[in-house]
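Novice: give me the fold of what follows.
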Amino acid sequence: MIRRLALALAISGLALSAIAQERPDPATITAAGDGPYVVPGAARGWLERSVSPELTPVERRVSRTGQITVAAVGAVPAFTVPLRPVVGTPAADTLPLDPATRLLVLADTHGEYEIVVEFLRRQGVIDADLNWAFSDGQMVVTGDIFDRGAHQLEILWLFYKLQAEAEAAGGALHILLGNHENIVLRNDLRYLHPRYAETARILGVESYPDLFTAETLLGDWLRSRPAVLKLGDLLFLHGGISPQVVDANLTISQLNAGVLHSLETPVARRSELDETKALIVGGFGPLWFRGYFPDQTRPDRPYMAPSEVERSLAHFGVSRILVGHTVVDHVTPLYDGRVIAVQVYPERDDETGQPILEGALRDQGHWFRVNAQGERILLDLPASDEAADAT
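Specialist: Sure, this is the predicted structure:
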């Protein structure tokens, strides 16, 4: 009865308004320029649209196989991005993974571009010129590139570029969709940095997500990204797997299809979603669920019992789940390491100005929490788990 009541609340849209741990709205800035946004142009080419340092619109034609330049931000240099053909179809959401492969997991980046770059450099993922340096290693980003910070677009282009470079090196970069990608693309702009509303006004579009429609380059790319990814015996997603998802017997592909199809329905019209899609993108879906964290519980969202975690692991045939979404002070194993919480919010220390950001790294069968200072700290996991990760 309690579970049915909770599910009803989620479907009604009440659970979607759960915004625990949301950061204060950032102040409006007057940082010069924004872009580029790559949208359909004439003669089957692309049109690069940007805001100049003088806050005026700028347009440039670019071929489908051309390249764009992303401007420098602070000490982070400018970089060029070779454009690739549109994806058009969803990427694979279940892939093999050799346990010996180095694997780095990063959660919410929320527009904090300079901090993200510092972290990736210190952990050897990129070099000084922002090129992939992680060899045949793999990296997973569990969503929430959008919202809050002032440089989400630069992060998107950097990850777009690194994805191709990783593949060329025999590695992989997996970008997942989080709840903030989902709501921005569905025109819920409550947490969008104020500069992006100004970008939309200057470029003459009705709303900021009009620059990320399915016909645009990044819009197409984002729509090809899964929300839930299974690599070997590991499951990655933004929020978590709730008992309601397991009760509904939903597969990874069904979860990802539900997230993708929800993008056709603005958040303001979420009551039009059918029951399954409403579950998938509601408070008990993989984008929003917070049941792993006791301090996030409430009557309609109870703490998840260990037995339910085991049931979700068995349902998807995995040994461990890695999530972002809910802020922790450090990368933290939960449920005896069956769940690893990765979301350490990217910010700067008030006193030292040092970047604060962490990820989870599996290397040579051991799991570490790693930070923007280049440190590795061994995670406290059961010995049996460590042995399993090495095989």
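
Novice: hang on, E112 packs against H151?
Specialist: Yes - between E112 and H151 there is a contact under C-beta atoms under 8 Å: 7.3 Å. C-betas here are computed from N, CA, C, even on glycine.

Novice: helix or strand: which one has the closest residue to T213 other than its chain neighbours?
Specialist: Here the nearest residue to T213 in space, its sequence neighbours aside, is G219; by C-beta to C-beta, 6 or more residues apart in numbering that works out to 5.0 Å. Using DSSP states H and E, G219 maps to helix 217-223.

Novice: for that helix, packing partners?
Specialist: Using 3 or more C-beta pairs under 8 Å, 6 or more residues apart in numbering; DSSP states H and E, the elements in contact with helix 217-223 are strand 34-40, helix 152-168, helix 179-185.

Novice: ok, which of the ones you listed comes nearest G239?
Specialist: helix 179-185 (6.7 Å; C-beta to C-beta).

Novice: ok, now which ones touch G111?
Specialist: 145-152, 155, 193 (C-beta atoms under 8 Å, 6 or more residues apart in numbering).

Novice: now, those residues that are in strands?
Specialist: Among the contacts of G111, no member is found in strands (DSSP state E).

Novice: closest one of the residues you listed to R186?
Specialist: F146 (11.4 Å).

Novice: tell me the pLDDT of the closest one.
Specialist: The model reports F146 with a pLDDT of 98.

Novice: quick one: contacts for it?
Specialist: With C-beta under 8 Å, 6+ apart, F146 has these contacts: 110-111, 152, 178, 180-181, 184, 192.

Novice: excluding chain neighbours, what is closest to the residue nearest to the spatial centre of the chain?
Specialist: Centroid check for the chain by C-alpha atoms, centre = their mean gives G143 as the closest residue, at 1.0 Å. Closest residue to G143 in three dimensions, ignoring its sequence neighbours and counting by C-beta to C-beta, 6+ apart: G178, at 2.4 Å.

Novice: quick check on the one you found: phi, psi?
Specialist: phi -110, psi -180 (degrees, to the nearest 10).

Novice: could I get the full set of helices for this structure?
Specialist: Applying DSSP state H to the chain gives helices spanning 2-12, 113-122, 152-168, 179-185, 194-203, 217-223, 243-247, 252-262, 275-280, 306-316, 383-389.

Novice: can you add mean pLDDT and give these back as TSV?
Specialist: Shown next, in TSV, are the helices of the chain (pLDDT from 0 to 100):
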stretch	mean pLDDT
helix 2-12	40
helix 113-122	98
helix 152-168	98
helix 179-185	98
helix 194-203	95
helix 217-223	98
helix 243-247	98
helix 252-262	98
helix 275-280	97
helix 306-316	98
helix 383-389	64
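
Novice: would you mind finding the most buried of those?
Specialist: helix 179-185 (a mean of 26; mean count of other C-beta atoms under 10 Å).

Novice: just checking, what packs against it?
Specialist: Helix 179-185 packs on helix 217-223, going by 3+ C-beta pairs under 8 Å, 6+ apart.

Novice: mind doing that once more with 10 Å?
Specialist: If you count contacts as 3 or more C-beta pairs under 10 Å, 6 or more residues apart in numbering; DSSP states H and E, helix 179-185 packs onto helix 152-168, helix 217-223, helix 252-262.

Novice: of those, which is nearest Q123?
Specialist: Among these, helix 152-168 comes nearest to Q123, with 13.1 Å by C-beta to C-beta.

Novice: and that closest one with helix 113-122, angle?
Specialist: 20 degrees (axes from the mean of the first three to the mean of the last three C-alpha atoms, to 10 degrees).

Novice: that older thread, TSV for the contacts of F146, including distance to G353?
Specialist: What follows is those, written out as TSV (distance: C-beta to C-beta, whole Å):
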residue	distance to G353
H110	18
G111	18
Q152	22
G178	27
H180	26
E181	29
V184	29
L192	26
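
Novice: most neighbours among the contacts of G111, which one?
Specialist: F146 (32 neighbours; other C-beta atoms under 10 Å).

Novice: list the residues that contact I155.
Specialist: Counting by C-beta atoms under 10 Å, 6 or more residues apart in numbering, I155 makes contact with 70, 109-113, 116-117, 141, 145-146, 149, 175.

Novice: now it: how far from G33?
Specialist: 16 Å (C-beta to C-beta, to the nearest Å).

Novice: cool, and N371?
Specialist: From N371 to G33 the distance is 31 Å (C-beta to C-beta).
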